[in-house]
Structures are given as structure tokens and as C-alpha cells.
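Participant: Sequence plus the predicted model coming up.
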Amino acid sequence: MYKLTTLKNKLKVITYNIPNAHGVTTGIFVNVGSRYETDKIAGVSHFIEHMLFKGTQTRPTPADISRVIERIGGYLNAATSQDYTFYYNRVPCKHAAVALEVLADMFNNSLFDAGAIKRESGVILEELNMYLDTPTRYLYDLIMQTIWPGSALGRDVIGTRQSIKGLRQQDFLKYLANTYQPQNLVVVATGKVNHSQTVKAATKYFGNLKNKTTLKFKFNNSQQTQPRVNIYNKKTDQVHLCLAVPALPRNHKDEAILTLLDTILGTGMSSRLFLNIREKRGLCYSINSFNEKFHETGLFGITAGLSLNKIDLAIRAIVFELEQLTQTPVSSTELAEAKEYLRGSISLRSDNTDNMTMWYGAQGLFAKNIKTPEQKIKELLDITENDIMKLAQQLFNRNRLNLAIIGPFSSKDKSRFLKLIK
């Protein structure tokens with residue numbers, strides 16, 4: 001069972017004890033990401049994530065930070081999204097105290113040296129080039145731009161070349177002061193952990209931090225009334241597409257229904273998309289569905305990689321599968337199998353300390369009430385066939401479809417693709 005303590009400055013400390021675990025995963029989650037940025041400083045959240053690994057007052061080089069964790073057999077990493085950033089490491093149980101100390105040092109004492117910022121700018125520009133050269137990765141950014149054009153939510157998390165090159169030391173320090181505050185932080189430790197010791201350490205490292213006014217993001221209230229197509233022209237041997245609709249926000253009452261719908265439609269080799277579009281018709285190599293959640297909206301999408309001469313057939317086939325879910329209830333057998341799949345996968349993830357740190361950290365930031373894996377499973381088991389069809393009817397309206405494509409196409413192909421999804 002997890003334990004939660006909120007410090008006087010509103011920082012949350014969550015632990016989840018796994019008595020037989022050999023390691024401890026410790027994470028710090030920050031309620032800030034790219035949607036909090038202006039166009040001028042786009043990418044600053046992600047850039048800050050990089051800079052926290054570049055040296056502190058007591059560990060002045062990146063090697064000094066990484067060596068502390070790696071010399072005891074552990075690893076450390078971080079990631080940035082539209083609305084949160086998280087830093088974590090995993091170490092053997094006996095070194096759990098070191099794990100949080102290192103993260104706290106990175107948070108409280110990072111140097112943000114001007115020379116290091118300039119060097120890391122070049123690294124991040126190369127990361128951007130890598131994304132642009134990796135269609136399966138860039139496709140995600142492209143569909144976000146398509147659904148929420150012209151907004152911070154739809155902008156690439158990494159920023160633009162112009163904004164990355166323009167960031168200076170004062171931009172980082174000002175942004176940190178307005179975002180990295182205790183009411184925006186959740187400290188999580190999972191594995192063989194002691195809650196009171198973790199709270200004591202968190203109080204030592206973060207208890208004196210003061211709350212100030214924090215940045216707010218702009219709500220996205222756009223209502224889509226027509227389908228959209230976004231083409232990224234690139235010479236590729238395989239076409240990559242994503243068909244997506246705006247979906248449910250975080251903490252929506254139908255969240256469990258969407259999880260089951262996602263599983264039935266596009267999770268694994270037993271899903272409808274894989275069996276009907278790849279196995280039976282041979283229209284693609286890879287195909288799956290996914291969903292993303294934000295404060296006021298969400299995204300449900302399908303991605304596929306296929307040959308150039310099969311793209312029209314594949315789009316029609318995908319749209320057909322969506323329409324089937326709106327017109328015919330899933331069978332009781334299919335629903336039961338999806339529920340058992342999710343019951344098993346959630347249970348298996350509960351053994352992994354990284355997974356559980358993510359589970360409780362994300363909920364600590366965003367959930368009104370934190371739910372255990374067992375509570376999530378119970379919600380899933382209560383879903384009916386009609387619940388899934390009703391949600392599919394709500395989501396899969398052709399006027400809300402968005403298609404992003406990476407391949408050797410031009411703007412003249414846009415009308416053809418629009419006709420296919422209409």
C-alpha cells in the first residue's frame with residue numbers, strides 16, 4: 001500500500017513499499033512542461049531537464065553526477081512532456097539514501113553555467129535533428145500540431161531551432177523561479193523503502209523551499225468541426241501515418257472505458273487493428289493505438305507504418321474499424337479477454353519499481369484521489385459492452401478526425417486524403 005505525506009510547504013512525498021525488491025526507484029515530478037512556455041522560450045522546460053545533469057556546486061561536472069549513481073550499479077534519467085517533467089534514478093536498496101540526495105543536489109544546486117548552456121544548445125539541436133530523421137518519433141509531434149495548431153499544447157516539446165539558440169542563463173533562472181516550487185513537486189520512492197525516513201530526507205532537502213506565484217498554462221478551448229490532414233513531405237521507404245481524435249482529459253469518469261477501448265482496438269497482436277489490418281489484409285507492418293491525457297483535453301490515436309501503394313486501403317480500413325466500434329457492441333468474450341489482459345499487465349507492472357514510481361508520481365501531480373492498481377483493476381472489471389460503444393460514438397465522429405502523414409507526398413495529395421477520412 002502506498003503512503004502519502006504533504007509537507008508544510010505543500011510538497012508531496014509518496015512511498016510504495018515492495019518488501020522483496022532488490023532496488024529503489026526515486027523520482028521527483030514537477031508540474032510544468034512545454035505548454036507553460038511562450039513561443040520565445042519554447043523548449044526551456046526540456047532544456048532545464050538537460051541542465052540539471054550538467055553540474056552542481058558540489059558535483060561540478062556531468063561525470064561527477066552520473067558516477068555517484070553508476071558506480072553503485074544504478075542508473076538515472078529524466079523526461080519532459082507538455083505538462084510535467086520528471087527526474088529519477090534506481091539504485092540497490094542499501095543505497096536508497098544516496099538516490100534522493102543526488103536528485104536534491106541537482107534540484108537545489110545546479111550551476112546553469114553559461115558555457116555549459118551554449119554547449120548543450122548544440123546537443124539539443126542534434127536531438128531535434130534526430131527526431132526529424134525518425135518518422136516514428138516525429139509523427140507524434142506532427143499529430144499534436146494537427147489537433148491543436150498554433151497552441152503551446154500542439155507545439156513540439158523540444159522547442160524550435162530559433163528558440164533553442166536564443167535561450168540564455170537568465171531565461172532558465174527566471175523560469176525555474178516561477179515553476180520549480182514545492183507545491184509543484186512530488187517526491188516518490190518505490191521498492192524496499194521506509195516512509196518516515198523518506199519524509200525526513202525530503203523535509204531536509206526541500207522543506208525550506210517557499211511557495212510563490214507559479215506560471216499558468218492557457219486552456220485549449222478549440223472545437224474541431226472539420227477533419228484535418230497534415231503532410232510532412234519526406235523521402236521514406238515506408239509511409240508513417242497517425243489518425244487521431246481529441247479525447248478525454250485527465251480524471252475523466254470514462255477513463256477506464258477508454259483504457260479498455262484502446263486495448264481492444266490496438267494493443268498487442270490480439271487487437272482488432274493488428275489482426276484485421278496487418279494479419280488478414282497485409283496492409284502494414286506495424287499498427288497500434290494509444291491515448292494521451294491533459295488537463296482539459298486528450299488524444300486518442302492510431303499509428304501505422306506501411307508501403308506507399310497501400311496507404312489508401314489502410315486509411316479506409318482503419319476508419320472502418322473505428323466505425324465498427326460505434327455501431328456494434330464488442331462481444332462478451334472480447335471484452336472479458338481485454339479485461340484479463342489489463343488485470344495481468346497492471347499486476348505485472350506492480351513488481352517493477354520504475355513503473356510504480358511513474359504510477360504514483362503522475363497521480364500525485366494530477367489526480368484528485370490517488371488510486372492503487374487494485375482499484376484501477378476493479379474499475380475496469382465493471383465496464384460493459386455498451387459503455388465501450390457509447391464512448392466510441394462520442395469520440396469517433398468523422399468531423400473530428402485528424403490525419404498526419406510522413407512520406408513522399410505534397411500538398412496536392414491533401415484533398416485525396418481528406419476524402420478518404422470523410
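Facilitator: Here it is on my side, so go on.

Participant: any idea how far residue 205 lies from residue 65?
Facilitator: Going from residue 205 to residue 65 by C-beta to C-beta, to the nearest Å gives 15 Å. Glycine gets a C-beta too; all of them are placed from N, C-alpha and C.

Participant: Among the two, which residue is more densely surrounded?
Facilitator: residue 65 (23 against 19; other C-beta atoms under 10 Å).

Participant: care to break this structure down by domain?
Facilitator: For the chain, automatic domain parsing gives the domain ranges 2-206, 228-421.

Participant: How far away from the center of its chain is the longest one?
Facilitator: Using C-alpha atoms, centre = their mean, to the nearest Å, the distance from the centre of domain 2-206 to the centre of the chain it belongs to is 13 Å.

Participant: ends of that domain, how far apart?
Facilitator: End-to-end distance of domain 2-206 (C-alpha to C-alpha, to the nearest Å): 21 Å.

Participant: And for the shortest one?
Facilitator: Using C-alpha to C-alpha, the end-to-end distance of domain 228-421 comes to 9 Å.

Participant: Please state the offset of that domain from the chain centre?
Facilitator: 15 Å.

Participant: any idea of the mean pLDDT in that domain?
Facilitator: The average pLDDT for domain 228-421 rounds to 97.

Participant: what does the longest one give?
Facilitator: Mean pLDDT, taken over the full extent of domain 2-206, equals 97.

Participant: which residues does residue 231 bridge with?
Facilitator: Legend: beta-bridge partners of residue 231 under DSSP bridges are residue 405.

Participant: Spell out for me which residue occupies the centre of this protein.
Facilitator: residue 81 (5.8 Å; C-alpha atoms, centre = their mean).

Participant: Please determine how far that residue is located from residue 294.
Facilitator: In this view, residue 81 and residue 294 are 9 Å apart by C-beta to C-beta.

Participant: do residue 376 as well
Facilitator: Applying C-beta to C-beta to residue 376 and residue 294 gives a distance of 20 Å.

Participant: Look at the two and report which has more neighbours.
Facilitator: Neighbour count, other C-beta under 10 Å: between residue 376 and residue 294, residue 294 has more, with 22 against 17.

Participant: isn't the more buried one right next to residue 153, touching?
Facilitator: Yes. Using C-beta atoms under 8 Å, residue 294 is in contact with residue 153, at 6.7 Å.

Participant: shared neighbours of those two, anything?
Facilitator: 35, 82 (C-beta atoms under 8 Å, 6 or more residues apart in numbering).

Participant: Could I get the full set of strands for this structure?
Facilitator: Counting by DSSP state E, the chain has strands at residues 2-6, 12-17, 23-30, 75-80, 85-92, 185-191, 228-233, 239-247, 286-293, 298-306, 402-407.

Participant: OK, contacts around the closest residue to residue 50 other than its chain neighbours?
Facilitator: Leaving out its chain neighbours, the residue that sits closest to residue 50 by C-beta to C-beta, 6 or more residues apart in numbering is residue 120, at 5.3 Å. When contacts are counted by C-beta under 8 Å, 6+ apart, residue 120 touches 47, 50-51, 54.

Participant: Which of the domains of the chain sits closest to residue 213?
Facilitator: domain 2-206 (7.5 Å; C-beta to C-beta).

Participant: quick revisit: list the residues that contact the closest residue to the residue nearest to the centre of the chain other than its chain neighbours.
Facilitator: Once flanking residues are discounted, residue 81 sits nearest to residue 33: 4.9 Å by C-beta to C-beta, 6+ apart. By C-beta under 8 Å, 6+ apart, the contact set of residue 33 is 45, 80-85, 157.

Participant: Run through who's touching stretch 144-161.
Facilitator: Under C-beta under 8 Å, 6+ apart, the answer for stretch 144-161 is 33-39, 42-47, 80-82, 124-125, 127-128, 131, 141, 164, 217-218, 220, 222, 224, 228-230, 244, 246, 294, 297, 299, 402-404.

Participant: Of these, grab the buried ones for PyMOL.
Facilitator: Applied in PyMOL, the following selects the buried portion of the contacts of stretch 144-161 according to 16 or more other C-beta atoms under 10 Å:
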select buried, resi 33+34+35+36+37+42+43+44+45+46+47+80+81+82+124+128+131+141+164+217+220+228+229+230+244+246+294+297+299+402+403+404
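
Participant: List the buried residues in stretch 354-374.
Facilitator: For stretch 354-374, by 16+ other C-beta under 10 Å, it's 354-366, 370-373.

Participant: sorry, back to before: could the domains of the chain go into CSV alongside distance to residue 212?
Facilitator: As requested, the domains of the chain are arranged in CSV below (distance: least, C-beta to C-beta, whole Å):
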stretch, distance to residue 212
domain 2-206, 6
domain 228-421, 18
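
Participant: picking that back up, pull up the gap between the residue nearest to the centre of the chain and residue 96, please.
Facilitator: Relative to residue 96, and taking C-beta to C-beta, residue 81 is found at 26 Å.

Participant: Residue 273 now?
Facilitator: For residue 273, the distance to residue 96 - C-beta to C-beta - is 42 Å.

Participant: do residue 298 as well
Facilitator: From residue 298 over to residue 96 (counting by C-beta to C-beta), the distance is 35 Å.

Participant: what do you get for residue 251?
Facilitator: 31 Å.

Participant: more neighbours, these two?
Facilitator: Each of residue 251 and residue 96 has its neighbours counted (other C-beta under 10 Å); residue 96 has more, 22 against 13.

Participant: So residue 251 sits against residue 370, correct?
Facilitator: No. Distance between residue 251 and residue 370: 11.2 Å, which falls outside the contact criterion (C-beta under 8 Å).

Participant: still on that earlier bit, show me what contacts the residue nearest to the centre of the chain?
Facilitator: Contacts of residue 81 (C-beta under 8 Å, 6+ apart): 33-34, 157.

Participant: now the end-to-end length of stretch 400-417.
Facilitator: 14 Å.

Participant: How about it, which residues are buried there?
Facilitator: 400-407, 409, 413-414, 417.

Participant: Next: stretch 130-137.
Facilitator: Neighbour counts over stretch 130-137 (16+ other C-beta under 10 Å) mark 131, 135 as buried.

Participant: Using CSV, write out every CA atom in it.
Facilitator: Listed next in CSV are the C-alpha coordinates belonging to stretch 130-137 (Å, rounded to 0.1, in the frame of the first residue of the first chain):
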residue,chain,number,x,y,z
MET,A,130,17.3,13.1,-34.7
TYR,A,131,13.6,13.4,-34.1
LEU,A,132,13.1,14.9,-37.6
ASP,A,133,15.0,11.9,-39.0
THR,A,134,13.0,9.4,-37.0
PRO,A,135,9.5,9.2,-38.5
THR,A,136,8.0,7.0,-35.8
ARG,A,137,9.1,9.7,-33.3
